[in-house]
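Colleague: the following block contains a protein sequence and its predicted model.
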Amino acid sequence: MKMTSGYVRTSPRKIPSQGRSRAAVQAILEAAARILESANLERLTTNEIAEVAGVSTGTLYQYFPNKSAIITALVEREVLNSLDAIESAVAMNGNGTALRSACEAAVRSLQERPRLSSALLAAEPLMFMDGEKPPFAVLQFRRFELLIEGEIGCGQCVESITSQLLAMLKGLLLNAVFTGKLEDQRLPSDLGDLAVQFVAKAHKQCGARSAHDS
């Protein structure tokens with residue numbers, strides 16, 4: 001995605017409240033998703049999105065100021081879908097840990113629409129280069145923080161371990177995108193195992209540092 005200097009608004013202009021407005025927004029988002037599944041990010045334009053969605057460009061601009069805002073809304077939609085999948089997996093968790101089940105569910109959620117997931121995973125670091133976390137990213141962080149607390153208990157290292165784990169998982173997922181392995185059926189269990197091992201090792205290191213400092 002071509003980035004420009006200065007502020008680029010990525011939040012919607014207008015929050016839809018009526019059924020017709022919500023339907024228009026969903027049509028716009030799904031149109032963008034379908035285009036991304038068949039073309040690269042550079043070819044995505046607001047004119048093409050409006051045409052595929054069956055709305056005028058004027059209607060599109062009522063809700064989204066630019067292409068970046070549409071992509072941000074798509075990332076939000078997919079993150080929230082992933083969190084729903086995580087909640088279902090954790091609720092049904094039998095064998096294994098909740099963290100492993102959550103990671104597996106999150107990856108399987110990405111695999112449902114792998115081309116779209118690939119495009120959004122590649123776009124997300126560019127969208128939030130200033131380091132500002134949008135609300136849905138904060139929600140995602142907090143959910144994984146709670147999962148890690150379930151693994152190791154509350155402690156001063158939980159926030160740091162959560163940040164490191166999410167960074168590691170996103171890096172591995174991006175690598176899977178670039179190597180064409182996002183659809184690998186072993187990926188969910190592989191990343192689930194890595195997440196549990198990483199948290200256990202990071203917790204042990206944190207405990208060793210705390211003992212050394214005391």
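Modeller: Noted; the coordinates are in hand. Numbers count the residues shown, from 1 in each chain.

Colleague: please count neighbours and contacts with C-alpha atoms only from this point.
Modeller: OK.

Colleague: list the buried residues of stretch 139-146.
Modeller: Residues 141, 143-146 are the ones in stretch 139-146 that count as buried (16 or more other C-alpha atoms under 10 Å).

Colleague: tell me which of the residues you listed fall in helices.
Modeller: 141, 143-146 (DSSP state H).

Colleague: can you list the buried residues of stretch 139-146 in a markdown table and add pLDDT and distance to L60?
Modeller: Formatted as a markdown table, those follow (pLDDT from 0 to 100; distance: C-alpha to C-alpha, whole Å):
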| residue | pLDDT | distance to L60 |
| --- | --- | --- |
| F141 | 94 | 30 |
| R143 | 95 | 32 |
| F144 | 96 | 34 |
| E145 | 95 | 36 |
| L146 | 93 | 37 |
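
Colleague: now do the helices in the chain.
Modeller: In the chain, the helices defined using DSSP H lie at 19-38, 46-53, 57-63, 67-91, 98-111, 114-127, 135-152, 158-178, 187-213.

Colleague: what helices or strands is the fourth one leaning on?
Modeller: Contact here means 3 or more C-alpha pairs under 8 Å, 6 or more residues apart in numbering; DSSP states H and E; on that basis helix 67-91 packs against helix 19-38, helix 98-111, helix 114-127, helix 135-152.

Colleague: so, low pLDDT: which residues of this structure?
Modeller: 1-18, 94-96, 125-132, 209-214 (pLDDT under 70).

Colleague: any idea which residue sits dead centre in it?
Modeller: When C-alpha atoms, centre = their mean is applied to the chain, the residue found nearest the centroid is V79 (4.3 Å).

Colleague: most tightly packed of the helices of the chain?
Modeller: Stretch with highest mean neighbour count among those: helix 98-111 (a mean of 24; mean count of other C-alpha atoms under 10 Å).

Colleague: how far off centre is that helix?
Modeller: What separates the centre of helix 98-111 from the centre of its chain is 12 Å, taken as C-alpha atoms, centre = their mean, to the nearest Å.

Colleague: likewise stretch 173-191?
Modeller: With C-alpha atoms, centre = their mean, you get 15 Å for stretch 173-191.

Colleague: pull it out as PDB, backbone CA atoms only.
Modeller: This file holds the C-alpha atoms of stretch 173-191, laid out as PDB (Å, rounded to 0.1, in the frame of the first residue of the first chain):
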ATOM      1  CA  LEU A 173       1.600 -15.700  10.200                       C
ATOM      2  CA  LEU A 174       3.200 -13.200   7.900                       C
ATOM      3  CA  ASN A 175       5.900 -15.700   7.100                       C
ATOM      4  CA  ALA A 176       3.200 -18.200   6.300                       C
ATOM      5  CA  VAL A 177       1.600 -15.700   3.900                       C
ATOM      6  CA  PHE A 178       4.900 -15.000   2.100                       C
ATOM      7  CA  THR A 179       5.800 -18.600   1.800                       C
ATOM      8  CA  GLY A 180       2.400 -19.800   0.700                       C
ATOM      9  CA  LYS A 181       1.800 -21.900   3.800                       C
ATOM     10  CA  LEU A 182      -1.200 -20.000   5.400                       C
ATOM     11  CA  GLU A 183      -3.500 -22.800   4.200                       C
ATOM     12  CA  ASP A 184      -1.300 -25.600   5.700                       C
ATOM     13  CA  GLN A 185      -3.600 -27.700   7.800                       C
ATOM     14  CA  ARG A 186      -0.800 -28.300  10.300                       C
ATOM     15  CA  LEU A 187      -0.400 -24.500  11.000                       C
ATOM     16  CA  PRO A 188      -3.100 -24.200  13.700                       C
ATOM     17  CA  SER A 189      -1.700 -26.900  15.900                       C
ATOM     18  CA  ASP A 190       1.900 -25.900  15.200                       C
ATOM     19  CA  LEU A 191       1.300 -22.300  16.300                       C
END
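
Colleague: cheers, nothing more for now.
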